[in-house]
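> Quick one, what's the 3D model for this:
(one chain, ligands or ions: 1)
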Amino acid sequence: MYRPSRHNLRTTLDLFGFAHLPRFGDSSMAGILLLALCGLPVYIAIKSIYRLYFHPLSKIPGPKLAAITGAYEFYFNVIKRGMFIWEMERLHEVYGPIIRVTPNEVHIKDSDYYDEIYASNKRRREKVYDRVAKFDLEGSGFSSISPEDHRMRRAQIEKYFSRQSVTNIEHVIYESIDKLDEHFQRAFKTNQVVGVDAGFAGLTSDIIHNYAYGFNSGNLDHENFNENVRDGVNGLLKLAHLLFHVPILQTIMKMLPLWVLEKCNPYAYALQSQKADLLDRTTKFIQGHSAELKNRPIMEILCTSDMPEELREAVRLNNEGFAMVIGGIETTARSLAIAAFWLMTNDTIKNKLREELRTVMPTPDSRPTWSQLEQLPYMSVVVSETLRLSTGIANRSPRAAPSEALVYKGYVIPPGTPVSETNYFVLTDPEIFPDPHTFDPDRWLRAAARGQRLDKYMVNFSKGTRICVGMNLAYAELYLVLAAFVRRYDMELFETTEKDIAFARDFGTPYPDDGNIRVRAMVTKVIEE
Ligand code: HEM
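Take a look at the predicted model:
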């Protein structure tokens with residue numbers, strides 16, 4: 001067998017003009033290696049000294065290690081799996097309301113400062129590339145960095161999520177409620193345990209797939225709500241910390257054939273195969289294949305509408321649709337599951353709500369509109385309290401003010417610095433929501449009677465220009481589904497405790513300590529009157 005000798009290899013290199021390269025075995029090569037070995041620690045030392053004493057954020061309080069290296073966050077989020085949020089909570093107790101959480105990012109824990117960071121379009125705010133890149137939604141409104149790109153992309157989709165547009169699709173939500181009802185009725189008759197969280201995820205998944213892509217994801221037609229359809233979204237969420245710290249994995253994941261991915265990582269496989277399926281549908285829409293529905297889905301309209309050439313590319317358009325799918329399933333489904341949990345554990349609240357619902361739902365199968373339900377005072381505060389305790393997005397989403405120095409309690413944050421708050425800290429701020437972990441809808445009524453406006457602190461959907469585009473759909477789902485749930489059945493929790501819903505780990509959305517959020521129940525009564 002031919003083996004190139006060192007001489008042969010060298011001659012070849014010389015021939016191709018690489019004569020200047022150091023030769024293996026040469027003393028110069030050893031010198032370079034030695035320099036690299038010694039240089040690396042020196043480089044790290046110089047960089048650390050710079051970050052600690054000369055960096056523009058060097059005056060911001062916080063642990064030295066977090067100021068020196070992103071490995072601090074890596075340790076808590078990747079090695080200890082989703083625990084950096086609790087470390088940040090601890091650091092705030094030690095260092096105060098403003099801390100430097102990474103070499104380049106400042107975190108503030110002050111519910112009254114939130115609007116400064118997540119500001120309206122009068123004050124320019126940008127997203128931070130590294131923080132959105134991990135979601136691989138390049139070109140979508142969600143992933144846009146500059147306000148100009150964001151405005152242009154969001155303008156294409158926000159009309160489909162206006163109050164009026166969502167009101168127009170209430171029948172789609174009711175179709176899914178009816179299917180869920182069949183499951184609950186069957187579980188009652190057969191005395192079987194029902195996976196309430198999976199049922200709600202099936203419902204939100206069917207609705208958003210139907211509305212955005214025009215097909216029924218079929219979750220509610222499936223006996224167990226086709227639970228593994230959640231794997232794609234959960235896959236993305238569970239991998240997000242790792243992909244943030246080791247971005248090359250994203251590229252590798254996309255390059256690997258699906259069958260290899262299936263063997264290596266079932267979550268990554270679920271994510272990539274779901275995305276590939278949706279891309280296929282987007283491509284067909286672009287080629288003019290219609291979903292043959294009376295109401296054309298958002299993606300079909302987008303793919304055939306007049307928009308600047310640069311916005312029409314299939315992968316970009318699909319990322320826009322996939323952002324709706326990711327945003328629209330677990331967030332709302334978890335809120336519904338958490339509401340179900342608290343309503344099952346508190347008969348007084350459930351009965352009070354049921355009595356109020358009777359005013360617009362004379363029979364259990366009445367179909368009140370979202371707008372009717374919103375006018376019910378107790379229903380409204382149950383929804384607010386549900387959202388407060390379910391958090392929605394757990395991970396911080398920093399903003400940078402490129403042309404403005406933010407000032408907080410005498411600390412000047414230079415323009416362009418990523419600054420964040422964590423929604424959970426606002427939603428459980430004991431100064432605003434005393435006894436914050438108790439499900440207490442009446443707190444909203446008591447505060448209103450005192451003239452205090454708690455809704456100012458409802459940051460579940462973020463604030464400012466980047467506020468959730470699907471907020472109206474989420475509200476409509478919460479109102480319509482919870483009304484039907486409370487008016488139609490009595491349920492008892494089955495092998496489910498607060499531990500199964502408690503926020504213990506941050507994987508983008510809140511996860512319990514072990515596995516996914518889980519609310520299982522027995523239907524003890526189907527209400528007839
Ligand atoms: C309880 C339910 C929901 C919660 C708590 C929630 C929360 C949020 C938050 C906090 C953001 C801002 C993210 C950031 O700053 O990086 C956001 C953005 C977004 N959400 Fe939601 N969301 C919910 C439901 C939905 C639904 C039903 C959809 C379906 C369309 C959706 C689609 C989106 C999209 C596309 C964005 C990006 C918007 C933009 O940047 O213009 N979300 N959501």
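
> Could you use CA atoms for every contact and neighbour count after this?
Will do.

> for the stretch 51-200 of the chain, what spans make up the strands?
In the stretch 51-200 of the chain, the segments counted as strands under DSSP state E, counting those that start in this stretch are 98-102, 105-108, 126-127, 193-195.

> Now residue 81, what are its backbone angles?
phi 60, psi 90 (degrees, to the nearest 10).

> repeat for residue 144
Main-chain dihedrals, residue 144, degrees, to the nearest 10: phi -60, psi 140.

> Can you tell me the closest non-neighbouring residue to it?
residue 150 (5.1 Å; C-alpha to C-alpha, 6 or more residues apart in numbering).

> for residue 161, what are its contacts?
By C-alpha atoms under 8 Å, 6 or more residues apart in numbering, the contact set of residue 161 is 469-473.

> Try it again at 7 Å.
For residue 161, the contact set (C-alpha atoms under 7 Å, 6 or more residues apart in numbering) comprises 469-470, 472-473.

> among these, who's most crowded?
Neighbour count (other C-alpha atoms under 10 Å) singles out residue 473 as the most crowded of the contacts of residue 161, with 24 neighbours.

> how about the residue of the stretch 1-150 of the chain found nearest the ligand, what does it touch?
In the stretch 1-150 of the chain, no residue comes nearer to the ligand than residue 142, which is 3.6 Å away by C-alpha to the nearest ligand atom. Listed by C-alpha under 7 Å, 6+ apart, the contact set of residue 142 reads residue 323.

> Then the one 4 residues further on?
Residues counted as contacts of residue 146 (C-alpha under 7 Å, 6+ apart) are 126-127.

> and the contacts of residue 161 near the ligand, which?
469-470, 473 (C-alpha under 6 Å from any ligand atom).

> okay, now residue 347: neighbour count?
Per other C-alpha under 10 Å, the neighbour tally for residue 347 reads 12.

> any idea how far the ligand is from it?
Counting by C-alpha to the nearest ligand atom, to the nearest Å, the gap from residue 347 to the ligand is 24 Å.

> Also residue 354?
Distance of residue 354 to the ligand, computed by C-alpha to the nearest ligand atom: 22 Å.

> How confident was the prediction at that residue?
As predicted, residue 354 sits at a pLDDT of 98.

> thought it was touching residue 487?
Yes - using C-alpha atoms under 7 Å, residue 354 makes contact with residue 487 at a distance of 5.7 Å.

> burial count for residue 417?
By the criterion of other C-alpha under 10 Å, residue 417 has 21 neighbours.

> Confirm for me that it is in contact with residue 102.
No - taking contacts as C-alpha under 7 Å, residue 417 lies outside contact range of residue 102: 11.2 Å.

> Quick check: residues of the stretch 301-450 of the chain near the ligand?
Within reach of the ligand by C-alpha under 6 Å from any ligand atom, the stretch 301-450 of the chain has these residues: 323-324, 327-328, 331-332, 335, 392-393, 397.

> hmm, back to that, from the contacts of residue 161, which is closest to the ligand?
residue 470 (3.6 Å).

> what's the nearest residue to the closest one if we skip its chain neighbours?
Per C-alpha to C-alpha, 6+ apart, closest to residue 470 is residue 161, 5.9 Å.

> what's the pLDDT at the one you found?
pLDDT recorded at residue 161 is 98.

> what's the answer for the one 5 residues further on, then?
Predicted confidence (pLDDT) at residue 166: the value is 98.

> Return the residues in contact with it.
Residue 166 touches 472-473, counting by C-alpha under 7 Å, 6+ apart.

> Kindly recompute the last result at 6 Å.
For residue 166, the contact set (C-alpha atoms under 6 Å, 6 or more residues apart in numbering) comprises residue 473.

> Could you do residue 126 as well?
145-146, 399-400.

> Let's have those in CSV, adding pLDDT.
Formatted as CSV, those follow (pLDDT from 0 to 100):
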residue, pLDDT
145, 97
146, 96
399, 98
400, 97
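
> correct me, but residue 320 touches residue 138?
No - at 8.7 Å, residue 320 and residue 138 do not qualify as touching, with contact defined as C-alpha atoms under 6 Å.
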